[in-house]
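Undergrad: requesting a structural model of the entry that follows:
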Amino acid sequence: MTRTELGQYLADFLQVSNFKDYAPNGLQIEGKAEINTIVTGVTACQALIDAAVELNADAILVHHGFFWKSEPEIIIGMKQKRIKALLVNDISLFGYHLPLDAHPELGNNAQLAKVLGIVEPEPIENVAQGLMWQGRLATPLSAKAFNEQISEKLNRPCQHLGDSDAVVSTVAWCTGGAQDYIDIAANMGLDAFISGEVSERTYHCAVEQGIQYYAAGHHATELYGIQALGEHLADKFGIKHHFVDIVNPV
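TA: Presented below is the predicted three-dimensional model:
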């Protein structure tokens, strides 16, 4: 397929125009016009770009791309090296942030529910652009046992804040840096809230509101959406796909 066809398809499939985001969604760096091989990964770091070069990729698709609103506009240092590597090797970079979090089938939140075995998952209506989801556990667990289950499924230690003996049945979650949505989950009367990152204030929010909080890792909670998207594109269009996991403990 062509670069333009890929961009148009993803804009429609992920409903990019529905989101007010912190970075541009879609094509961020323009490479060759024809795309036969794509590499997917969570973040457009140098290691992922180097892997894409080794795999002779024509395009890279990521969840965390470039040109965030809060970052310096000048292209020097680390940013220059990344962009230069893409341009020299004629590789396109596509980034999809909030649209990938929210997609009802392939998005990070939908995919995390599958990995953790959360049943009846659905986005919470009229909250955070559809980015916050809720569901329940098939079998209620102690807060400690649920923490152990998350750690096992995501293959990394999950940090639990709250009462280890509390029973968890209903759960809300939002992948990545969504720790402040804990107040919404608490006000809804849910037993637990999961996100990627944790702040100092999150501990007090959890304890004082009697809700169990799980910091499961920003990278770890957002591994699955971009991988599922790459597999979808490979199946639909017959292009080659390589998912590259650049390990990140955060």
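
Undergrad: need the residue closest to the centroid of this structure.
TA: To find the centre residue of the chain, average its C-alpha atoms and take the closest one (CA atoms, centre = their mean): that gives Glu222, at 3.0 Å.

Undergrad: all strands for this structure, in order.
TA: With DSSP state E applied, the chain shows strands at 26-29, 37-43, 59-64, 92-95, 118-123, 133-142, 159-161, 167-173, 192-195, 212-215, 240-243, listed in chain order.

Undergrad: tabulate these (TSV), appending mean pLDDT.
TA: Shown next, in TSV, are the strands of the chain (pLDDT from 0 to 100):
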stretch	mean pLDDT
strand 26-29	98
strand 37-43	98
strand 59-64	98
strand 92-95	98
strand 118-123	98
strand 133-142	98
strand 159-161	98
strand 167-173	98
strand 192-195	98
strand 212-215	98
strand 240-243	98
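
Undergrad: out of those, indicate the one that is most buried.
TA: Comparing the strands of the chain by mean neighbour count (mean count of other CB atoms under 10 Å), strand 192-195 comes out on top with a mean of 28. Every residue, glycine included, has its C-beta placed from N, CA and C.

Undergrad: what packs against that one?
TA: Using 3 or more CB pairs under 8 Å, 6 or more residues apart in numbering; DSSP states H and E as the contact criterion, the secondary-structure elements in contact with strand 192-195 are helix 143-154, strand 167-173, helix 182-187, strand 212-215.

Undergrad: quick one: strands adjacent to that strand?
TA: Counting by DSSP bridges, the strands paired with strand 192-195 are strand 167-173 (parallel), strand 212-215 (parallel).
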